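> I would like to see how this sequence folds:
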Amino acid sequence: MRIRDSADAEAWRQFADLYARVIYGYCRRRGLQDADAADVTQEVLAQVARSIRSFEYSPERGRFRGWLGTVTHSKIERFRRSRNRGEGGPTGDPSARAADAPIEEAESGGADPEWIDEFNAKVLRAAMERIRPDFEPQTWRAFELTWIGNRSPQEAAREVGCRVHAIYVAKSRVLQRLREEIAAIAEDVPQCVPLS
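Take a look at the predicted model:
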């Protein structure tokens, strides 16, 4: 919601850094070439910039990620239609209508599971990248071994060279910080990313 303030350049930079990667990756998996995926990504971000001023986050009406996915999908389809026709695109841009649609319509239309998975994975990776410098290497390694590598606390303790209790504490501290960072990045993701 900070990007609604046009003076908050840092908020927009953080937003674009995270979501541009999500949008671009989705475009590529939908068969767009590199340059085309980059163009569609810019179109989606431009649409967000235009629409965000009137965007009201309301979890009971739907999720931001669903709305963003709908806008992205619409921009991809518009790009494909314009390429197939060899012209500037159809009249009555459906991606603009999708961006203006209430968020509940975008989500109720059935969010693409691939979009949701990609969105959640990118948010998780971004959150992990952001918090990693906050921890000592030994603490982070304990977390990686147990949570990411699914190794037992006993195995992790032997590899890291500490007590088993310290492994549990390290994992707990990192997961708590990770939950906080995910909440800061995307309010609707914590219930979708298993953090246990």
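
> Can you name the element that comes right after the least confident helix or strand in the chain by mean pLDDT?
Every helix and strand in the chain was compared by mean pLDDT, DSSP states H and E; the lowest is helix 103-108, with a mean of 39. Counting by DSSP states H and E, the element after helix 103-108 in chain order, helix or strand, is helix 113-131.

> in that next one, what's buried?
115-116, 118-120, 122-124, 126-128, 130-131 (16 or more other C-beta atoms under 10 Å). C-beta coordinates here come from the backbone N, C-alpha and C atoms, glycine included.

> Other residues contacting that helix?
For helix 113-131, the surrounding residues in contact (C-beta atoms under 8 Å, 6 or more residues apart in numbering) are 17-18, 21-22, 25-26, 29, 65-66, 68-69, 72-73, 174, 177-178, 181-182, 185-186, 189, 192-193.

> do the same with stretch 132-150
For stretch 132-150, contacts defined as C-beta under 8 Å, 6+ apart pick out 151-153, 155-156, 159-162, 166-167, 170-171, 173-175, 177.

> Which members of the residues you listed are positioned in strands?
The members of these all map outside strands under DSSP state E.

> Return the per-residue confidence for Arg78.
Looking at Arg78, its pLDDT stands at 92.

> Looks like Ala166 contacts Ala156 (just checking).
No. Taking C-beta atoms under 8 Å as the definition, Ala166 is not a contact partner of Ala156, at 9.4 Å.

> who has more neighbours, the two?
Neighbour tally, Ala166 and Ala156, criterion other C-beta atoms under 10 Å: the higher count belongs to Ala156, 24 against 17.

> ok, the nearest residue to that one once chain neighbours are set aside to Gly161 distance?
In space, and not counting its chain neighbours, Ala156 is closest to Leu145: 4.0 Å by C-beta to C-beta, 6 or more residues apart in numbering. To Gly161, Leu145 is 12 Å away according to C-beta to C-beta, to the nearest Å.

> Looking at those two, which has the bigger crowd around it?
Just comparing Leu145 and Gly161: by other C-beta under 10 Å the higher neighbour count belongs to Leu145, 22 against 9.

> returning to that earlier point: in ChimeraX, how would I select just the buried ones from the contacts of helix 113-131?
One line in ChimeraX is enough to select the buried ones among those; burial here means 16+ other C-beta under 10 Å:
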select :18,22,25,26,65,66,68,69,72,73,174,177,178,181,182,185,186,189,192,193
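
> In strands, which of the contacts of helix 113-131 appear?
Among the contacts of helix 113-131, no member is found in strands (DSSP E).

> So which of the contacts of helix 113-131 sit within helices?
17-18, 21-22, 25-26, 29, 65-66, 68-69, 72-73, 174, 177-178, 181-182, 185 (DSSP state H).
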